[in-house]
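# fold the following for me, if possible:
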Amino acid sequence: MASVVFLRAINVGGANLCKPAQLAKSLSKLDIVNIGAVGTFVVRESVSDSTLRKALATQLATDFKIKCEIMIVPGRDVLKLSENNPFARQPSGENITRFVSVLHKRPARVPALPLDLPSDKNWLLRIVAIRDQFVLGIYRREMKAIGYLGKIEKILGEPGTVRNWNTLEKVVKILGEK
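Numbers count the residues shown, from 1 in each chain. Coordinates of the predicted model:
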């Protein structure tokens with residue numbers, strides 16, 4: 001079974017610098033595909049989470065001298081997430097970005113949805129759905145909106161990492177090629 005890996009807080013603000021393409025090349029025996037510069041990978045080799053986590057952590061420490069949180073999700077969970085368009089009834093356009101936040105695990109407390117931040121009337125970020133460990137939402141392309149992305153973890157009580165929905169679509173395409 002393929003896995004999808006999300007590294008948290010690499011290549012952000014000049015900290016935890018890592019070259020994901022180099023990392024994928026170093027772990028080529030796992031048939032790993034790098035997607036972008038923020039630490040998203042599809043691992044096509046069937047390998048246990050513990051083995052994969054250890055291999056990634058060791059390589060990150062050896063090649064880049066960094067530690068980061070590693071979230072591993074079964075590929076089938078990502079495929080299931082993409083089956084129905086969770087953004088079908090949401091605003092769209094060039095000033096709206098669709099995103100998914102991948103949490104370590106499903107949050108124990110889930111607020112009423114949709115959840116608009118800072119308010120219903122003047123929202124900059126809207127959480128539209130929470131499916132297991134995935135938080136789906138949209139945000140307006142305004143500088144203030146970025147600050148609200150970090151509040152998702154605080155509201156839900158679980159650490160996570162955010163990806164553009166386009167990244168998940170690329171993951172789905174690669175998972176479908178196997």
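# how close does the residue lying closest to residue 133 once chain neighbours are set aside sit to residue 116?
Closest residue to residue 133 apart from its sequence neighbours, by C-beta to C-beta, 6 or more residues apart in numbering: residue 103 at 4.5 Å. C-beta here means a position set from N, CA and C on the backbone, and glycine is covered the same way. Separation of residue 103 from residue 116 (C-beta to C-beta, to the nearest Å) stands at 20 Å.
# so the residue sitting furthest away from the middle of the chain: helix, strand or coil?
Ranked by distance from the centre of the chain (C-alpha atoms, centre = their mean), the top residue is residue 121, with 27.6 Å. On the three-state scheme (DSSP: H, G, I helix; E, B strand; the rest coil), residue 121 is labelled coil.
# ok, residue 145 - contacts?
124, 125, 139 (C-beta atoms under 8 Å, 6 or more residues apart in numbering).
# meant to ask about residue 49, not that
Neighbours of residue 49 in contact, by C-beta under 8 Å, 6+ apart: 3, 72.
# same thing but 7 Å
residue 72 (C-beta atoms under 7 Å, 6 or more residues apart in numbering).
# re the thing from before, among the contacts of residue 145, which lie within strands?
Using DSSP state E, the members of those that fall within strands are 125, 139.
# nearest to residue 2, of the contacts of residue 145?
Closest approach to residue 2 among the contacts of residue 145 (C-beta to C-beta): residue 139, at 28.9 Å.
# where does pLDDT dip in the protein?
Applying pLDDT under 70 to the chain flags residues 11-15, 178.
# break it down into its domains, please.
Following automatic domain parsing, the chain resolves into domains at 3-78, 81-165.
# quick one: closest of those to residue 174.
For those, the distance to residue 174 is smallest for domain 3-78, at 4.6 Å, taking C-beta to C-beta.
# and the residue farthest from the centre of the chain, how far from residue 73?
35 Å.
# with residue 28 instead?
21 Å.
# which one of those two has more residues nearby?
Set side by side, residue 28 and residue 73 show more neighbours around residue 73, with 18 against 9, by other C-beta atoms under 10 Å.
# what comes up buried for stretch 2-20?
Judged by neighbour count using 16 or more other C-beta atoms under 10 Å, the buried positions of stretch 2-20 are 2-11, 16, 18, 20.
# what secondary structure does the closest residue to residue 26 other than its chain neighbours sit in?
Excluding its sequence neighbours, the residue lying closest to residue 26 (C-beta to C-beta, 6+ apart) is residue 59, at 5.1 Å. Following three-state DSSP, the label given to residue 59 is helix.
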